[in-house]
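*Asks:* Build me a model:
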Amino acid sequence: MSLIEITKDCYLYNSKNIEMVSLISSIFFDEGNNKRYLEFYNLEFIEEIKKKYRFLHEILNELKHSGMPLLEFLFNRKDLYNNQKINCLSNDDSKSDFFLYDSQKLNFPINDFENLVEYEKYLLDMEADIFFYKLFSEDIDKDIIKAAIHDSYKLSELYEKNNYITKSFIGLKTLIDNREMFIRDFFSCARALQGTEFENGIEYINNIFDDEKKKLEKNIGKEDPLEVSQQIMGKTFKNRGPYKKFIFIPSVFSPYKAMRFFYDYQALIYSIGKNEFTNTDAINKLKAISDESRLKIIEILRKSGPMIGVDLAKNLNIANSTLSHHIEQLSTAGLLNEERVKNSKYYSINTNSLDGLIKYLSELFKE
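*Replies:* Purely as a prediction, here's the structure:
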């Protein structure tokens, strides 16, 4: 683990646990675009991993963000780990003590695990209803989850009201019925991926850590951390806190260019390294907006900022089901962000992606 304080209440952090979850999520996430793991792992080995862990592959693709929700158990452990002391390694490899959720001694809010064995045991020992409550970002009442675990009718009701948590009801039921198998497969896969290749990815992050620190110091010197976070993600946040602390987590293996977790603090995982805009990127984005309705969605969101689906559908005078199809096409092309606030889902332009397309076309056709 590496940790640097950028400014008061603003940190740069790197963790092997976070990077391993990111790696597995990236490998098994069929809709993910980041294949940087192939810079470190042999393709034949990756294909063997996918064959060996077919069940894990299927379950992770049922979850909206693949395995990334498992990070909720690192970022939000105040219920079981209140006031416990852990050791983190600072950037110079000297140990520093941090106390979690202790108002007198609080320095850093992420209570990480020492190793994968500790991480796995923590999840297996957890009551099923608490596990799913945290996995689903505490958006669903614990009593509702507890009832649904033992009653298929209640589970069906839960899914009808919260069908964003998995792609299908069958996927949700399979996950509920096979929680332990899912956890054991995940960590078995993690152990299979440990080794020189994974350590090389971690070493890459460590090598750029000081450069990332300088960038953040410069940017946070000009803007507040929330604005810097928006620039990294290329979006305007609907949920704006206030947050007590900001944690920036550079990643090689994340399946997303950037992903945000927020509680009373914000953790932002963002992809580092090669992100060149290619012909394929341009073609995929141009295909996505080569439809009048989808182009209109881009126009509306560019002018109005984040908007819920119902309002977008009204603006376009189309059915919600038709809008969902267009949203899926634009999201797959990387042109839209979505952010859930309570029971509402807000859509916004991925400004980094759209501006990248504009810049690419401008460079391509300039004389």
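
*Asks:* Which other helices and strands does the lengthiest helix in the chain contact?
*Replies:* Across the chain, the longest stretch assigned as helix under DSSP state H is helix 196-222. Using 3 or more Cβ pairs under 8 Å, 6 or more residues apart in numbering; DSSP states H and E as the contact criterion, the elements in contact with helix 196-222 are strand 2-7, strand 10-14, helix 16-28, helix 225-233, strand 246-251. The C-beta positions use only the backbone N, C-alpha and C, and glycine is treated the same way.

*Asks:* Residue 142: which of these is closest?
*Replies:* Residue 142 sits nearest to helix 16-28 of all the helices and strands packed on helix 196-222, at 23.5 Å, using Cβ to Cβ.

*Asks:* Can you measure across stretch 267-280, start residue to end residue?
*Replies:* End-to-end distance of stretch 267-280 (Cα to Cα, to the nearest Å): 31 Å.

*Asks:* and what of stretch 332-344?
*Replies:* OK, stretch 332-344 end separation, Cα to Cα: 20 Å.

*Asks:* I'd like the average pLDDT over it.
*Replies:* The average pLDDT within stretch 332-344 is 78.

*Asks:* can you pull the buried residues of it?
*Replies:* Across stretch 332-344, burial judged by 16 or more other Cβ atoms under 10 Å covers 333, 334, 335, 336, 337, 338, 339.

*Asks:* Now render the residues you listed as JSON lines, adding distance to residue 207.
*Replies:* Listed next are the buried residues of stretch 332-344 as JSON lines, based on distance: Cβ to Cβ, whole Å:
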{"residue": "333", "distance to residue 207": "32"}
{"residue": "334", "distance to residue 207": "27"}
{"residue": "335", "distance to residue 207": "32"}
{"residue": "336", "distance to residue 207": "33"}
{"residue": "337", "distance to residue 207": "30"}
{"residue": "338", "distance to residue 207": "33"}
{"residue": "339", "distance to residue 207": "32"}
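
*Asks:* so of the residues you listed, which ones are in helices?
*Replies:* When the buried residues of stretch 332-344 are checked against helices (DSSP H), there are no matches.

*Asks:* which of those lies closest to residue 63?
*Replies:* residue 338 (15.0 Å).

*Asks:* partner residues bridging the closest one?
*Replies:* residue 347 (DSSP bridges).

*Asks:* ok, now how distant is it from residue 256?
*Replies:* If you measure residue 338 against residue 256 using Cβ to Cβ, to the nearest Å, the figure is 12 Å.
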